[in-house]
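only geometry, no sequence info:
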């Protein structure tokens, strides 16, 4: 059974939960969402920092830390942004690094450059 975790982010208009616990694992997805519910479409560094801030908030609201993140999937609209994303990523994670995969994709919101999925043990 799924248990929805309140992470303190505004609800979206889509059928979506910010974080769900199932089988002892936390599943969560984040993008550059501002506290007012709008999406940041500015520079990739700002979007990445906001995205990882949202992840950190969610993980902490579930009683965990970023050291408990087992895997991160990074989706970016431009693979040329990977070095900037990596630089921000290093501000949030440390060795031993979570397992990670990165892919270039078309994101749903125009101007949105990053979205992540994370699994937390």
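Right, received. Where do you want to start? Since we're looking at a predicted model, the values are computed, not measured.

Give me the neighbour count for residue 26.
Other residues near residue 26 come to 23 when the count uses other CB atoms under 10 Å. C-betas here are computed from N, CA, C, even on glycine.

go on, residue 23?
Per other CB under 10 Å, the neighbour tally for residue 23 reads 7.

What does the pLDDT read for it?
Note for residue 23: predicted pLDDT of 94.

Next, find the distance separating it from residue 95.
Using CB to CB, to the nearest Å, residue 23 is found at 27 Å from residue 95.

quick one, what contacts residue 17?
By CB atoms under 8 Å, 6 or more residues apart in numbering, the residues touching residue 17 are 2, 4-5.

so where do the helices sit in this structure?
Taking DSSP state H, the helices of the chain run over residues 44-61, 82-92.

hey, which of the ones you listed is tucked in deepest?
helix 44-61 (a mean of 20; mean count of other CB atoms under 10 Å).

Residue 117 contacts residue 70, doesn't it?
No. At 11.7 Å, residue 117 does not count as touching residue 70 under the criterion of CB atoms under 8 Å.

more crowded one of these two?
Ranked by neighbour count (other CB under 10 Å), residue 117 and residue 70 place residue 117 first, with 15 against 12.
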